[in-house]
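Asker: Got a predicted structure plus its sequence, pasted below:
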Amino acid sequence: MRKTSLWRVPADHFRTLTDNRTDKPDWGGIVWQGLVPTACGIATWWIGAKLADVSAAVAGISIVAALLFAMAVFLFQLRVTLGGDSRLGEDDYRLVDECMSNTLWAILWGLGLALFLIVCAAGKWIANDGTGPILTGIAVGASVHFLMVISMCLKRLRRAYERIAMKRS
């Protein structure tokens, strides 16, 4: 594996899409994560929408990705400090690990999305009549996936807080 290889980030994220009761893949969640963004992207393409200016989107996505970096640092520190607490179970550790996997995927996806928008805008392809609706549809679908993963991160972070900090099961 090369030092720049990131293949484990998406693999770890998609591995979190399991049913915790059965430990089997959550096919509903997997389909939902693919279907909703794809439908939004296709609908955007279908109506012929084009992004005229991507600067606000790039700025917003970059800021959120940077905040997710801070969350990843927090989760890393939390995971290190959890090792000494005998009151916590394997589910607590797994919850923090899954939240970290989702957060790293959101960071990677957000950076990729920002780069996609920058390149499409620099080439003037996203505002073009021919390629604009397709690229805008891809951007919208990718943005919806980004928001869905951030929602997963927040849900897992809230649950970790509830289980670990508030000591509720």
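Answerer: That came through, no problem.

Asker: how many other residues sit next to residue 40?
Answerer: The number of residues packed near residue 40 is 18, by other CB atoms under 10 Å. From N, CA and C alone the C-beta is placed, and that goes for glycine too.

Asker: same question, residue 30
Answerer: Count around residue 30 with other CB under 10 Å applied: 13.

Asker: Spit out the contact partners of residue 116.
Answerer: With contact set as CB atoms under 8 Å, 6 or more residues apart in numbering, residue 116 has these partners: 138, 139, 142.

Asker: ok now the helix or strand hosting the second one, how far from the chain's centre?
Answerer: Right, the one you point to is residue 139. Assessed by DSSP states H and E, residue 139 sits inside helix 132-160. Helix 132-160 sits 6 Å away from the centroid of its parent chain (CA atoms, centre = their mean, to the nearest Å).

Asker: For it, what does the pLDDT average out to?
Answerer: Averaging pLDDT along helix 132-160 yields 96.

Asker: now swap in stretch 22-32 and tell me
Answerer: 89.

Asker: Start at 190, not 1
Answerer: OK, 190 is where the count begins now, so the last one is stretch 211-221.

Asker: For the chain, which segments count as strands?
Answerer: For the chain, strands defined by DSSP state E occupy the ranges 207-208, 213-214.

Asker: could I get those strands as JSON lines with distance to residue 254 and mean neighbour count?
Answerer: Listed next are these as JSON lines, based on distance: least, CB to CB, whole Å; neighbours: other CB atoms under 10 Å:
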{"stretch": "strand 207-208", "distance to residue 254": "26", "mean neighbour count": "14"}
{"stretch": "strand 213-214", "distance to residue 254": "27", "mean neighbour count": "11"}
